[in-house]
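J.: Any chance you can model this:
(2 chains)
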Amino acid sequence: MTAMDASNVVLSRQLRAQQIADGAFRGITFLCAGLVLATLGAILVALTWGSLPALRAFHFSFFTRDVWNPVTEQFGAVAAIYGTLVTSTIAILVGVPISFGIAIFLTELAPSWLRRPIGTAIELLAAIPSIIFGMWGLFVFAPFFARHYQPWMTNHLGELPLVGALFQGPPLGIGMLTAGIILAVMIIPFISAIMRDVFLTVPAVMRESAYSIGATTWEVMWNVVLPYTRTSVIGAIMLGLGRALGETMAVTFVIGNAHHVSASLFMPGATISSTIANEFTEAVGDIYYSSLIALGLALFIVTITVLALAKLMLRRLDFRLR
Amino acid sequence: MISRYQRRRSVNIVTLGASVIVTILGIAILVSILTTVIEHGMAAFSPDLFTHMTPPPGGKGGLLNAIVGSLIITFIAIAIGAPVGILAGTFLSEFGRGSFLTEATRFISDILLSAPSILIGLFVFEVAVVTVGHFSAWAGALALAIIAVPVILRTTEDMLRLVPNDLREAAAALGAPQWKTIVMVCFRAVRTGIVTGVLLAFARISGETAPLLFTALNNQFWSTDLNAPMANLPAVIFQFAMSPYDDWQRLAWAGALLTTVAILALSIAARVVLAAPKEKRQ
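T.: Numbers count the residues shown, from 1 in each chain, chains lettered A, B, ... in the order given. Okay, here's the model as predicted:
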């Protein structure tokens, strides 16, 4: 009787210890998950707090003024926002068709032994850090582009009505167009990898029925696969856009860092992120600091919105892959 | 006269041809970047890189302080980020399945995964530099840890979801408490997956420059003081590559070569680690 009681006591003590350990473990994991959840909010709060002095000084006109003068402490975000939007638009216009082509190649054209190595090579392109793209852009691509393509563009496209002004100017190599192209190269791996995964979720029956009524490969891609995967493809593009908007180092190398809005894509410009990267450590005075952080706040709100929409659109894909 | 059939066929040929061309273009860019980095990097490569400090312009020197600084900052970042990421991933997969908190955390984590890293730098500047009053290696490591966590969280959660419930039930039937089941059964089953996640995070943060610019800053001299600015490869590469001095630019290329080789090796290692057990099973 007493022996049994004793063992019961030991057992219940053990059980109690295990329950405590379980609770503690669960608590720790919960804490870590909560920490991740809180990070985004904390970033928003910190950036808002930091940008208050600038927003108090300039009010909403901070986002509508085209002035960036550290000497007189007058700041406006228009040039940086313009540069960000222009370079990202170029990146999407150049990057999306190329990504689509690569995804077609990887899902429809490539023989199966070639799919993995080429897929891996494209994914490795995504692993190369931004700063290497920047150096490659500045020392290899920009001179090449200035020598071979910019004069041609000025001669052939510079005379066109409406869009002509975009392609006029000195062939400097660096500038907004170059930055946009480098951004395109950087987002291609992300967009094409998702497009490939998405295209593979299309039921084989749909593809085959289209082929069986005589559709060409292109018609299958354009009229069957693309409509079927439309939401996810747009999500992939927005994910690329989110990356392009916030990309920093590569752009900083090739954009030329000039704070004015110019019509020509050949001219140097600045993006939000390149401005912060270039000027933050050299900034003097509260208003200057705060203006840079306010730029960051604007970038944060825009990229988070774009990325959130992208994730919502890609949700279905997530479920299908799981 | 071009028949409808001929037109469809030529559209098909043109578009598919374009698809082949852009794929080749993509590969060509990768090759161009790699050959540029290798060519310039090898030209500047010398044992001095590993034995000398970063020089003033015109002086002789290497990248020793930057290499050591980068290693220190990156390892601390992983030491902070890996436990947080793994445990948070564990919560999402093991405790919070289907709950709102899980959905929200996964969503936020995925957004953080693609969020501009420079903003994470700004955030850490506000939190860990302004409050303390000076730049520090700790701040740099914290910024990199925030970037590493979503990568590790995602892989951990995905991998734990692949663990069959039979394993958990078998452990529970033997009377193992839940934490023991998770740590000794589930973690062990997905060990390679978690290692892959950590390697990928390592690769991701090794090249990050923007968040270090105003957290760890940079340092021309040898320093292992974690409370002071510390030299690191990305910041040195940025500073030297943008400089007008030839010898600095050469060192930047050497640094770029080291970084690229390390990152590609890590990325490939992560793939190999993940692929190995699958082949055994077949």
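
J.: mind checking the SS state of the residue nearest to the spatial centre of chain B?
T.: Central residue of chain B (Cα atoms, centre = their mean): B:R204, 1.0 Å from the mean position. When classified by DSSP: H, G, I helix; E, B strand; the rest coil, B:R204 comes out as helix.

J.: Quick check: it touching B:A148?
T.: Yes - B:R204 lies in contact with B:A148 (Cβ atoms under 8 Å); the separation is 6.8 Å. Using the backbone N, CA and C atoms, a C-beta is placed for each residue, glycine as well.

J.: Stretch B:242-252: which residues count as buried?
T.: B:M242, B:D247, B:W248, B:Q249, B:R250, B:L251, B:A252 (16 or more other Cβ atoms under 10 Å in any protein chain shown).

J.: go on, stretch A:65-73?
T.: Buried, per 16+ other Cβ under 10 Å, within stretch A:65-73: A:W68, A:P70.

J.: what about that stretch, start to end distance?
T.: 13 Å (Cα to Cα, to the nearest Å).

J.: and that stretch, what's its mean pLDDT?
T.: Averaging pLDDT along stretch A:65-73 yields 83.

J.: any idea which helix or strand carries B:F221?
T.: B:F221 is part of no helix or strand, with elements assigned from DSSP states H and E.

J.: where's it relative to B:A241, distance?
T.: Distance of B:F221 to B:A241, given as Cβ to Cβ, to the nearest Å: 20 Å.

J.: Which residue of these two possesses the greater neighbour count?
T.: Neighbour totals were compared for B:F221 and B:A241, and B:A241 leads with 21 against 10 (other Cβ atoms under 10 Å in any protein chain shown).

J.: just to revisit the earlier point, what pLDDT does the model give the residue nearest to the centre of chain B?
T.: 91.

J.: Could you do the one 5 residues further on as well?
T.: In the predicted model, B:T209 carries a pLDDT score of 89.

J.: Does it touch B:Q239 like I think?
T.: No - B:T209 is beyond contact range of B:Q239, at 10.2 Å (criterion: Cβ under 8 Å).

J.: Could you check which of those two has the larger neighbour count?
T.: Set side by side, B:T209 and B:Q239 show more neighbours around B:T209, with 27 against 16, by other Cβ under 10 Å.

J.: So what does the more buried one look like in phi/psi?
T.: The phi and psi values for B:T209, taken as degrees, to the nearest 10, are phi -110, psi -50.

J.: Quick one: residues contacting it.
T.: Neighbour list for B:T209: A:P129, A:S130, A:I131, A:T248, A:M249, B:P234, B:A235, B:I237, B:F238 [criterion: Cβ atoms under 8 Å, 6 or more residues apart in numbering or on different chains].

J.: overlap between the buried residues of stretch B:242-252 and the residues near chain A?
T.: Restricting the buried residues of stretch B:242-252 to those near chain A by Cβ under 8 Å from any Cβ of the partner chain leaves B:M242, B:A252.

J.: from the buried residues of stretch B:242-252, which ones fall inside helices?
T.: In helices, judged by DSSP state H, the following of the buried residues of stretch B:242-252 are found: B:D247, B:W248, B:Q249, B:R250, B:L251, B:A252.

J.: Distance of the fourth one relative to B:P244?
T.: Here the distance between B:R250 and B:P244 works out to 13 Å (Cβ to Cβ).

J.: cool, the fifth one as well?
T.: With distances defined as Cβ to Cβ, the gap from B:L251 to B:P244 amounts to 14 Å.

J.: Contacts only, for the residue nearest to the centre of chain B.
T.: A:A127, B:I147, B:A148, B:V151.

J.: The second one - how many residues pack around it?
T.: Taking other Cβ under 10 Å as the neighbour definition, B:I147 ends up with a count of 22.

J.: pretty sure it is in contact with B:G207, am I right?
T.: No - counting by Cβ under 8 Å, B:I147 stays clear of B:G207, with 10.8 Å between them.

J.: So for the longest helix anywhere in chain A, mean pLDDT?
T.: Across chain A, the helix with the greatest residue count (assigned by DSSP H) is helix A:2-58. The average pLDDT for helix A:2-58 rounds to 89.
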